[in-house]
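*Asks:* Generate coordinates for the sequence data below:
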Amino acid sequence: MIKRTEYLNQLISFKDKQLIKVVTGIRRCGKSTLLELFRDELQKSGVCEEQITVINFEDADNENLMDRKVLYAHIKERLLPDKMNYIVLDEVQHVDEWQRVVDSLFIKKNCDVYITGSNAYLLSGELATLLSGRYVEIKMLPLSFAEYISALGDKTDLEKKYTSYLTNSSFPYALELSKPKDIRAYLDGIYTSVVLKDVVKRKNIADVSALESVIRFMFDNIGNISSAKSIADTLTSGGKKISAHTVESYLSALCDSFILYKTGRFDVKGKQYLKTGEKYYIADIGLRYYLLGSQKADMGRALENVIYLELLRRGCDVKIGKVGTTEVDFVATDENGVSYYQAALTVRDENTLARELRPLDSITDHNPKFLLTLDVEPETSHNGIRQINALDWLLGK
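*Replies:* The predicted structure follows:
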């Protein structure tokens, strides 16, 4: 069991706080395992087993608890009146009107509530209305490169392991599978679950082939500026007639299911957010290999995708930076301020190095600037811009 320390520490820090803890993320990213780890931590801290109620709603044995009244009665009869009770509801979105159960438990002084879900609908509508300001969201992603290396227990030959991290996927259970065909079957299961359960069913989509055309296009165009109209025009010209409105609806659903992440653009000099020019990134590059094959590898964009997700893991708000007529890959804002990041596979060619440095050089403020590459060289500074090996950066060196 991989110890997801970063997320586990967040849960521990919010323990016994008057907040509902909501863990969200794509299917199979490790939410259930995280809650198992948290339960172990509770018991290590002296919490007895009777104080903990864990219900996984993807377990057929709990099908009778899908009715909110039955669920609430089931939990209520197990509550210990003179102790804190820890209620863990895993994939709770399967329960109709589950928000009412959570709200009823939340208002009890001796209940500490934790829920998970595989789509962003969890935090929309009634829950947001009922519990505004009373919950904290912990956004979970598949394994970081550092977690992946830690799980392998071997820090040698990092370049080879990075390639494996991309091709074999960053989903935790993939580490248990050694054969490519087994990994492919596993990714097929994740892809099918997300598309059919979280998108098709939720949106009542009749034309699944149109949805899959959009998914293929987006997987092929990670890190490219995209709009619903441009995607619709491209697919229509290729013989798959689809409207911009439909594409927009599909993109929204894919983001809600955490298979895609959307980021907008920020005018660095004008200090304003721009309304057009969004980019999309994928939750796991292994899914891209699964769907498109190795001929669509494009290691440069894969690196950009990995860096984007790592910035999210580190708690950054991430935007694409417009700098005059040039673009910086990421403008990352966290509690420490703003940093700028440029990602490139290699900059050993002088012209390539000059091109990658140009947007960073044109930023006149004094915030940190980074150029991350896969070149195996010592850290270098270019007029204050730190060039760092991307794998070292991903490992927190």
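*Asks:* Show the contacting residues for residue 2.
*Replies:* Taking C-beta atoms under 8 Å, 6 or more residues apart in numbering, we find residue 2 in contact with 30, 33, 143, 147, 150, 151, 172, 175. For every residue, glycine as well, the C-beta is placed using N, CA and C.
*Asks:* out of these, which are buried?
*Replies:* The neighbour-count test (16 or more other C-beta atoms under 10 Å) marks 30, 33, 143, 147, 150, 172, 175 as buried among the contacts of residue 2.
*Asks:* rewinding a little: identify the farthest-apart pair in the contacts of residue 2.
*Replies:* Spatial extent of the contacts of residue 2 (C-beta to C-beta) is set by the pair 33 and 150 at 14.6 Å.
*Asks:* just to revisit the earlier point, any idea which of the buried ones among the contacts of residue 2 is the one closest to residue 74?
*Replies:* residue 33 (23.7 Å).
*Asks:* Double-check that that closest one belongs to a helix.
*Replies:* Yes - assignment of residue 33 by DSSP: H, G, I helix; E, B strand; the rest coil places it within a helix.
*Asks:* Tell me how many other residues surround the residue lying closest to it once chain neighbours are set aside.
*Replies:* Of all residues not flanking residue 33 in the chain, residue 1 sits nearest, at 6.1 Å (C-beta to C-beta, 6 or more residues apart in numbering). The number of residues packed near residue 1 is 11, by other C-beta atoms under 10 Å.
*Asks:* mind showing which ranges of the stretch 251-397 of the chain have poor pLDDT?
*Replies:* Along the stretch 251-397 of the chain, the parts satisfying pLDDT under 70 run over 296-297.
*Asks:* do that again at 50, thanks
*Replies:* Nowhere does the stretch 251-397 of the chain drop to pLDDT under 50.
*Asks:* the helices in it, which residues?
*Replies:* In the stretch 251-397 of the chain, the segments counted as helices under DSSP state H, counting those that start in this stretch are 285-292, 299-313, 350-361, 390-394.
*Asks:* so which of the buried ones among the contacts of residue 2 comes closest to residue 220?
*Replies:* Distances from residue 220 to the buried ones among the contacts of residue 2, taken by C-beta to C-beta, are shortest for residue 143, at 23.6 Å.
*Asks:* Test my guess that that closest one contacts residue 171.
*Replies:* Yes - between residue 143 and residue 171 there is a contact at 7.3 Å, judged by C-beta atoms under 8 Å.
*Asks:* Show me how the chain divides into domains.
*Replies:* 5-139, 145-394 (automatic domain parsing).
*Asks:* and the residue nearest to residue 33, what pLDDT?
*Replies:* The score at residue 1 is 75. That number is its pLDDT.
*Asks:* gap between it and residue 139?
*Replies:* 21 Å (C-beta to C-beta, to the nearest Å).
*Asks:* With residue 323 instead?
*Replies:* Noted for residue 323: a distance of 28 Å to residue 139, by C-beta to C-beta.
*Asks:* before we move on, back to that, please tabulate the helices of the stretch 251-397 of the chain in CSV and include mean neighbour count as additional columns.
*Replies:* Converted to CSV, the helices of the stretch 251-397 of the chain look like this (neighbours: other C-beta atoms under 10 Å):
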stretch, mean neighbour count
helix 285-292, 22
helix 299-313, 21
helix 350-361, 16
helix 390-394, 20
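*Asks:* Tabulate these (a markdown table), appending distance to residue 181.
*Replies:* Shown next, in a markdown table, are those (distance: least, C-beta to C-beta, whole Å):
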| stretch | distance to residue 181 |
| --- | --- |
| helix 285-292 | 12 |
| helix 299-313 | 22 |
| helix 350-361 | 37 |
| helix 390-394 | 28 |
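*Asks:* quick one, what contacts the nearest residue to residue 72 once chain neighbours are set aside?
*Replies:* Using C-beta to C-beta, 6+ apart and skipping residues adjacent in sequence, the residue nearest residue 72 is residue 101, 4.9 Å away. By C-beta under 8 Å, 6+ apart, residue 101 lies in contact with 68, 71, 72, 75, 89, 95.
*Asks:* Correct me if wrong, but the third one is in a helix.
*Replies:* In other words, residue 72. Yes - under three-state DSSP, residue 72 sits within a helix.
*Asks:* how far away is it from residue 112?
*Replies:* 16 Å.
*Asks:* more crowded one of these two?
*Replies:* Remark: of residue 72 and residue 112, residue 112 carries more neighbours, 24 against 18, as counted by other C-beta under 10 Å.
*Asks:* what kind of secondary structure is that one in?
*Replies:* strand.
*Asks:* Perfect, that will be all.
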